[in-house]
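Structure for the following, please:
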Amino acid sequence: MINSIFILILIIPLAGFFLERYLEHLNNKMWSDKLPEKLKGICPEDDYRKSQLYHKDNDKLGFWSSLFNILVIIAMISAGGFSLVDTAARSISGNIIFISLIFFGIIGFASDLINIPFSWYDTFVIEKKYGFNTMKIRTFITDHLKSWFLAVIIGAPVLGLVTWFYNKTGSMFWLYAWALITLFSVFMNFFYSELIVPLFNKQVPLENGPLRQKIEELAVRTGFGLKNIYTIDGSKRSTKSNAYFSGFGSKKRIVLYDTLLKELSEEEIVAVLGHEIGHYRKHHVLLSLLSSFITTGLMLFLFSLVVDNPRLSQALGAEESSFHLGLVVFGILYSPLSLIIGLISNIISRRNEFSADRFVKENYNARYLADALKKLSVKNLSNMLPHPVYVFFNYSHPPLLQRLEKLEH
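Prediction:
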């Protein structure tokens, strides 16, 4: 049994690595030397060629990054690296909760540290090469420091409580952990923009004027009570544009990247926000949150069935069972089910995107949204002709041409 678990936790990551490489191979076969007929009138030929080069550079970096990480994982599993980290954590503390925190602290910090060179190259070489990066080295460094800080003050207490629940309740810990994570997720959905975003970006209310008036008129017309409309300084990191919706009730807000204000007309911006309002009015945001709660509960329940099985920890070379080593092994074994859940989630998400687009068509103007999608796709060098299989596995949004077809008919 130990050997079978050991073999599985080696095979599953490797299978995921080769699957992703195959999907990228299929995707790359869609490129052509000339502008495809379908994209004429949407994307200039020079921008199409540039987008191919951009994605090929990103694919190369993704390959080397994934290869490096899979080799590290295989080495950690086969050479007993996780067991060595466990031994080191036990040498620092005898408290099971602190042992888990130290263990995941070392793993998490080391993982982030060894991936910084790839992130650095992506930001300061590839993104800069194609005119996207505006981030300063100081911001790059402080972003990582702030992320580590949040992991300590938020992630550590949650993990500590989950470990404490396990020690107090045994296999029934999953119910308490599920309740904790659910409450935490609800809290973050309400207050993320107020508590977390300001650590990284500056948000200011959208000034009074024609744009704000048009947004508020659409909100009133669609029954979407809205007072909080903000702009965010996304240009401090990238020239890419975006907008998003967050929060519920009195805490809901719409946030526009300052780059979006420069790229789109007022009518196009209103159409983009109408799409976000559509997600809220059709309850996509709430249903997505409920779905995440259910999948989290399922994962925790399945883990509770095997958490006391010493074979999980022994598969990593440890002599005695431990909660944190069992969680590592279970996380790998759970990956195939997680992939299936992700595929279903992507199917639902793509349908929801069509639904939100249709909301704009019914309540505002489909042409403005279509024009905005075209501009953003060209500006961001998006892949406008991805392979259908790649879309099935990786896309939470439908490809541009599919969205345009439904908007224009």
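
Can you read off the pLDDT for Asn189?
Reported pLDDT at Asn189 in the predicted model: 86.

cool, and Ile5?
On the pLDDT scale, Ile5 is placed at 89.

For stretch 393-407, buried residues please.
By 16 or more other CB atoms under 10 Å, the buried positions in stretch 393-407 come out as 393-395, 397-400, 402-404, 407. C-beta coordinates here come from the backbone N, C-alpha and C atoms, glycine included.

In TSV, list those residues along with secondary structure, distance to Tyr244 and pLDDT.
Formatted as TSV, the buried residues of stretch 393-407 follow (DSSP: H, G, I helix; E, B strand; the rest coil; distance: CB to CB, whole Å; pLDDT from 0 to 100):
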residue	secondary structure	distance to Tyr244	pLDDT
Phe393	helix	24	96
Asn394	helix	20	95
Tyr395	coil	18	96
His397	coil	13	95
Pro398	coil	18	96
Pro399	coil	20	95
Leu400	helix	19	95
Gln402	helix	22	96
Arg403	helix	18	95
Leu404	helix	22	95
Leu407	helix	20	92
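
Using TSV, please lay out those residues together with distance to Tyr192.
As requested, the buried residues of stretch 393-407 are exported to TSV (distance: CB to CB, whole Å):
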residue	distance to Tyr192
Phe393	28
Asn394	25
Tyr395	24
His397	21
Pro398	26
Pro399	29
Leu400	28
Gln402	30
Arg403	27
Leu404	32
Leu407	30
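
host element of Gly317?
Counting by DSSP states H and E, there is no helix or strand that carries Gly317.

In space, what's closest to it - neighbours in sequence excluded?
Among residues not flanking Gly317 along the chain, Gly80 sits closest, at 3.4 Å (CB to CB, 6 or more residues apart in numbering).

Apart from its neighbours in sequence, what residue is nearest Asp233?
Closest residue in space to Asp233, ignoring its immediate chain neighbours: Lys202 at 4.9 Å, by CB to CB, 6+ apart.

Quick one: the helices in the stretch 201-350 of the chain, in order.
210-221, 258-263, 266-281, 284-306, 310-314, 323-333, 335-363 (DSSP state H, counting those that start in this stretch).

gap between the two ends of stretch 391-405?
With CA to CA, to the nearest Å as the measure, the ends of stretch 391-405 fall 17 Å from one another.

Quickly note the distance from the residue nearest to Gly317 to Ile74.
The spacing between Gly80 and Ile74, counted by CB to CB, to the nearest Å, is 12 Å.

got a list of what Ile99 touches?
Ile99 is in contact with 86, 89-90, 92-93, 322, 324, counting by CB atoms under 8 Å, 6 or more residues apart in numbering.

out of those, which is most surrounded?
Within these, neighbour counts (other CB atoms under 10 Å) peak at Asp86, which reaches 27 neighbours.

And that residue, what's its pLDDT?
Predicted confidence (pLDDT) for Asp86: 94.

Checking Gly131 next. Helix, strand or coil?
Taken by DSSP: H, G, I helix; E, B strand; the rest coil, the conformation at Gly131 corresponds to coil.

which non-adjacent residue is nearest it?
In this structure, Gly131 finds its nearest non-sequential neighbour in Thr239, 6.5 Å apart by CB to CB, 6+ apart.

mind checking how far that neighbour is from Phe132?
Thr239 is 5 Å from Phe132, by CB to CB.

Next: Ser147.
In this structure, Ser147 and Phe132 are 21 Å apart, going by CB to CB.

still on that earlier bit, contact partners for the residue nearest to Gly131?
The contact partners of Thr239, by CB under 8 Å, 6+ apart, come to 131-132, 134, 259, 379.

of those residues, buried ones?
In terms of neighbour count (16+ other CB under 10 Å), the buried residues within those are 132, 134, 259, 379.

number of nearby residues for the residue nearest to Asp233?
The burial count for Lys202: 12, using other CB under 10 Å.

Settle this for me: it is touching Ile232, isn't it.
Yes: at 7.1 Å, Lys202 and Ile232 qualify as touching, with contact defined as CB atoms under 8 Å.

how far out from the middle of the chain is stretch 249-256?
Here stretch 249-256 is found 20 Å from its chain centre; the criterion is CA atoms, centre = their mean, to the nearest Å.

Report the mean confidence score over that stretch.
Averaged over stretch 249-256, pLDDT sits at 81.

May I see the buried residues of it?
252-256.

got the end-to-end distance for that stretch?
Terminal residues of stretch 249-256 are spaced 19 Å apart (CA to CA).

Contacts made by that stretch with the rest, please.
Defining contact as CB under 8 Å, 6+ apart, one finds that stretch 249-256 is touched by 190-191, 193-194, 197, 203, 206, 215, 226, 228-232, 243-247, 269, 273, 276-277, 280.

Among those residues, name the buried ones.
With burial judged by 16+ other CB under 10 Å, the buried subset of these is 190, 193, 197, 203, 206, 215, 226, 228-232, 243, 245-247, 269, 273, 276-277, 280.

TSV for the contacts of Ile99, including distance to Thr169?
Shown next, in TSV, are those (distance: CB to CB, whole Å):
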residue	distance to Thr169
Asp86	23
Ala89	23
Arg90	23
Ile92	26
Ser93	22
Ser322	17
His324	17
